[in-house]
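Q: Just need the structure, nothing else, for what follows:
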Amino acid sequence: MQTFPSTTVSIQRDTRAWQFQVWASFATAVFLCATGLSWLPGEALDRAFMVMGYVFCLSTAFMLAKFVRDSQPATAGGTASRDVPMWRLVVWGSFFTAMGLTGWGLVRMEINDAYKAFLGVSWLFLISSAFTLAKTLRDRHEADLIDARLQGRRAARQEAAAAGSAE
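A: Modelled structure (predicted):
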C-alpha cells in the first residue's frame, strides 16, 4: 500500500470586493472615455482619430500586460522566453506608438483645455484600469489551473488508495 504525505496548499485568490472594484473601475473608465469622446467638439476626423487612438491604446495595454506576465516565469525560472526577440519590439513599440499618437492627437486638438484635461485623465484611467483588469483575470486563471491540478492529484491519490485497499 502506498501512502502520500499530507500537504496543505493555499491558493491565493482575489476577494469578491477586489474583483468588483477592478471591474467597476474599468467600466467607469470606459464610460468616462466614451462620454468624453462622444461629446468631443470639433471635426468628425478628430473624433475618429481619438476613438481609434483610445481603442489602440486599450488593446496594446492588454497585449503588453500579457507579454510582461508571460515573460515573468521565463526570467524567474531561468529558462528562455518562448517569444521570438522581435515580438518584444512589436509589443513595446506598439504600446508606446499608441500612447504617443493618442497623446499627440489630444495635445494638438483645438479644444478647451479643461476638456483636454478630462479626456487625458479619463484616457490614463482607462489604461491603468486595463492593466489592473488584465492582472486580475490572469491571477484568477492561474489559480484555477493550480486548483484543477490539485483536484487531479487528489483524485489520483484516492484511486491509488482504493486500488491498494482492494488488494
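
Q: Without its sequence neighbours, what residue ends up closest to the residue nearest the centre of the chain?
A: For the chain, the residue nearest the mean C-alpha position is Ala134 (1.5 Å; CA atoms, centre = their mean). Spatial nearest neighbour of Ala134, chain neighbours left out: Ala65 (3.6 Å); criterion: CB to CB, 6 or more residues apart in numbering. In short, each C-beta sits where N, CA and C put it, glycine included.

Q: Enumerate every residue touching the one you found.
A: Contacts for Ala65 were tallied using CB atoms under 8 Å, 6 or more residues apart in numbering; they are Ala130, Phe131, Ala134, Lys135, Arg138.

Q: hmm, which of the residues you listed are the buried ones?
A: Neighbour counting over those (16 or more other CB atoms under 10 Å) leaves Ala130, Ala134 as the buried ones.

Q: With secondary structure, pLDDT and distance to Glu159 as extra columns, can I get the contacts of Ala65 in a markdown table?
A: Listed next are the contacts of Ala65 as a markdown table, based on DSSP: H, G, I helix; E, B strand; the rest coil; pLDDT from 0 to 100; distance: CB to CB, whole Å:
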| residue | secondary structure | pLDDT | distance to Glu159 |
| --- | --- | --- | --- |
| Ala130 | helix | 97 | 44 |
| Phe131 | helix | 96 | 42 |
| Ala134 | helix | 95 | 38 |
| Lys135 | helix | 93 | 36 |
| Arg138 | helix | 92 | 32 |
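
Q: shaky segments in the chain?
A: Scanning the chain for pLDDT under 70 picks out 1-9, 73-81, 166-167.

Q: residue ranges of the helices in it, please?
A: Residue ranges of the helices in the chain, as given by DSSP state H, are 16-38, 44-77, 85-108, 113-166.

Q: what's the closest of these to Ser10?
A: helix 113-166 (10.1 Å; CB to CB).

Q: and the closest one, what does it pack onto?
A: Contacts defined by 3 or more CB pairs under 8 Å, 6 or more residues apart in numbering; DSSP states H and E place helix 113-166 against helix 16-38, helix 44-77, helix 85-108.
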